[in-house]
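A.B. asks: Pasted the sequence and its predicted model underneath.
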Amino acid sequence: MSFNPFILVLNVKHATKLPIADILSSDPYCVITIGTKRVGMTGVIHSNLNPVWNEKIEIPLLTTKCKIDITIYDYN
């Protein structure tokens, strides 16, 4: 059993003015990574260039010194 002394609570709120990735809109979602490891993901918001997720993601950490990347992708 591993012990993670820290928990990062990440609140993914929203994005604005995303580029169109499909014909008229996008189906955005966020992927959270630390290094090459995926540590979280939001749900997909279909047909929206200004998505509102309002999702709380809890990430266990071994250290407070790490780089966290949040990348927005189009679902299809």
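C.D. replies: Sure thing, it's come through. Numbering: from 1, shown residues only.
A.B. asks: Where does the prediction get shaky in this protein?
C.D. replies: Within the chain, the segments meeting pLDDT under 70 span 1-2.
A.B. asks: So what pairs up with the one residue sitting closest to the centre of it in the strands?
C.D. replies: Nearest to the mean C-alpha position of the chain, counting by C-alpha atoms, centre = their mean, stands C30 at 3.2 Å. Legend: beta-bridge partners of C30 under DSSP bridges are I72.
A.B. asks: shouldn't it be in contact with H14?
C.D. replies: No. Counting by C-beta atoms under 8 Å, C30 stays clear of H14, with 10.4 Å between them. From N, CA and C alone the C-beta is placed, and that goes for glycine too.
A.B. asks: Show me whatever sits in contact with both of those two.
C.D. replies: Common contacts of C30 and H14 (C-beta atoms under 8 Å, 6 or more residues apart in numbering): W53.
A.B. asks: Spatially, which residue comes closest to I20, not counting chain neighbours?
C.D. replies: Distance criterion C-beta to C-beta, 6 or more residues apart in numbering; nearest residue to I20, sequence neighbours excluded, is S26 at 6.1 Å.
A.B. asks: Please report how far A15 lies from R38.
C.D. replies: 19 Å (C-beta to C-beta, to the nearest Å).
A.B. asks: Between those two, which has more neighbouring residues?
C.D. replies: Shown here are A15 and R38; by other C-beta atoms under 10 Å, A15 has more neighbours (18 against 10).
A.B. asks: How about the nearest residue to N4 once chain neighbours are set aside: which residues does it bridge to?
C.D. replies: Of all residues beyond its chain neighbours, the one nearest N4 is P60 (3.5 Å), with distances taken as C-beta to C-beta, 6+ apart. Beta-bridge pairing for P60 (DSSP bridges): I7.
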